[in-house]
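Trainee: need coordinates for the below:
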Amino acid sequence: MAQSFDYESASVSGDTDTSPLERLAEIAARTAEETGKFANVDAILRIPVTMQVVLGSATIPVANLMKLGRGAVVPLDHRVGEPVDVVVNGRVVARGEVVVVEEDNSRFGVSLTEIVGPLGQGDT
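Mentor: The predicted model follows:
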């Protein structure tokens, strides 16, 4: 028999300094303790995932693709100022804004503004 999990009651109460991944880890640890089904949550939390930040996309005919060269500009479907998608293993999990990393001005980062819920609903 499958056991349901109440995501609303599992949320961390009012801790705004906690990152979404830390919240997820805490929820997973509590769930494991409550159900007793996971003997070692740390093993699950060490599983590597692929994370991508999608600035936008474009659809162009192959003929136009073949004409592209150095200096060509391909317009994307996102506009400046719109949130970018944060994708983990092919699934959108959050949205955010592109920022310059303070410690190293030659790198970009993402400031998360929205966490996408289990059914694609935003949790700001």
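Trainee: show me where the chain has helices.
Mentor: 20-35, 41-45, 62-67 (DSSP state H).
Trainee: just tell me which of those helices ends up closest to residue 93.
Mentor: helix 20-35 (8.2 Å; C-beta to C-beta). All C-beta atoms are positioned from the backbone trio N, CA, C, and that covers glycine.
Trainee: quick one on the thing from earlier: so which of the helices of the chain comes closest to residue 113?
Mentor: Minimum separation from residue 113 across those (C-beta to C-beta) falls at helix 20-35, 11.1 Å.
Trainee: tell me the mean pLDDT over that closest one?
Mentor: Mean pLDDT, computed over helix 20-35, is 72.
Trainee: before we move on, what about stretch 52-71?
Mentor: For stretch 52-71, mean pLDDT rounds to 94.
Trainee: and the contacts of that stretch?
Mentor: For stretch 52-71, the surrounding residues in contact (C-beta atoms under 8 Å, 6 or more residues apart in numbering) are 74-78, 84-88, 96, 98, 110.
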